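> requesting a structural model of the entry that follows:
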Amino acid sequence: MRLIFLLTDFGTSDTYVAQMKAAVLRTAPVGTSIVDLTHDIEAGSVMEGAFHLYVSRHVISPGSVVVAVVDPGVGTERQGVVCEVDGIYYVGPDNGLFGLLRIKRAWKLQRPPAESSTTFHGRDLFAPAGARLLFNPGWVNSLESIDPGILVSSEIRLSEEDEEGFHVTVAHIDRFGNVVLWLSPADADGFHPSEIRLPEGGIVPVTRTRTYGNRQGLLFLAGSQGCMELAVSCGRASSILGVSAGDRIFLKRSFR
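Just a heads-up that it's a prediction; the model follows:
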């Protein structure tokens, strides 16, 4: 099955996503299926888009194409690119959106046709390029190859461990209010926190667990996206903690 994935900050109240899909289907081979990763990225939040591309990378099969558009610099001199990661092609703007992926090869897209919109490269440049790649991956050989090392990176502050515990960054708040952390289950193996120290000085007790439903209070557990997270059974951890993506918190080690 031929699959093309879309990720944008367009939402669904306008026809922008539908116009991108129409542009894909004009070029894509018969039988192409379009999968929506999400269109609810916060408007202009390149870092949130990068997070979702990073955590979804393992469920996308080699040979697929991902067209990602979170592009506050649309129409400027920022370049459009094709990136290859483990047999998956990513198409979109070079603004850090692909900066968390381990890119093996990259190519520079040509500018869109002169008659194209200067404010909708998702429809006029990236969607057609993604569709073309789906049926002819060799098309990239006609593009200018570029060093992946010159692509715009996504800067995240990784976890830091000391004898007292972990300093970690909030990666994402999901729709359930779970606080996803830039801390891997492997790094947190055997670690049991007793409390969370918040940026403004607050302290909240926390318990390590395996699931959402078997404990009360604030929970620390391995989430489904390959990151540790903070959650509350039938509640919103983000409301209790008052944190946002990018905030730095401290998980104090339990010595009991």
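
> now stretch 69-82: average pLDDT?
For stretch 69-82, mean pLDDT rounds to 96.

> and the end-to-end length of it?
12 Å (Cα to Cα, to the nearest Å).

> repeat that for stretch 189-207.
By Cα to Cα, one end of stretch 189-207 lies 14 Å from the other end.

> what's it in contact with?
Residues from elsewhere that reach stretch 189-207 (Cβ atoms under 8 Å, 6 or more residues apart in numbering): 165-166, 208, 215, 217-220, 230, 240-243, 247-256. For every residue, glycine as well, the C-beta is placed using N, CA and C.

> quick one, which of these are buried?
165-166, 208, 215, 218-220, 230, 240-241, 243, 247-253 (16 or more other Cβ atoms under 10 Å).

> and the strands in the stretch 101-250 of the chain?
According to DSSP state E, counting those that start in this stretch, the stretch 101-250 of the chain carries its strands in the segments 105-108, 144-146, 160-162, 165-173, 179-181, 193-197, 203-205, 207-208, 218-222, 228-232, 248-253.

> between those strands, which gets nearest to residue 80?
strand 105-108 (7.4 Å; Cβ to Cβ).

> ok, what's across the strand from residue 82?
Residue 82 has the following beta-bridge partners by DSSP bridges: residue 91, residue 107.

> and if you look at residue 193?
residue 253.

> check what pLDDT it gets.
97.

> roughly how far does it sit from residue 100?
Noted for residue 193: a distance of 25 Å to residue 100, by Cβ to Cβ, to the nearest Å.

> show me where pLDDT drops low in the stretch 1-150 of the chain?
Along the stretch 1-150 of the chain, no part satisfies pLDDT under 70.

> residues of stretch 24-35 that come out buried?
Quick answer for stretch 24-35 (16+ other Cβ under 10 Å): 24, 27-28, 32, 34.

> quick check, nearest of those to residue 17?
Looking across those and measuring by Cβ to Cβ, the closest to residue 17 is residue 34, at 9.7 Å.

> check contacts around the closest one.
3-6, 21, 24-25.

> tabulate the residues you listed (a markdown table), appending distance to residue 87.
Listed next are the contacts of residue 34 as a markdown table, based on distance: Cβ to Cβ, whole Å:
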| residue | distance to residue 87 |
| --- | --- |
| 3 | 12 |
| 4 | 14 |
| 5 | 14 |
| 6 | 19 |
| 21 | 23 |
| 24 | 20 |
| 25 | 23 |
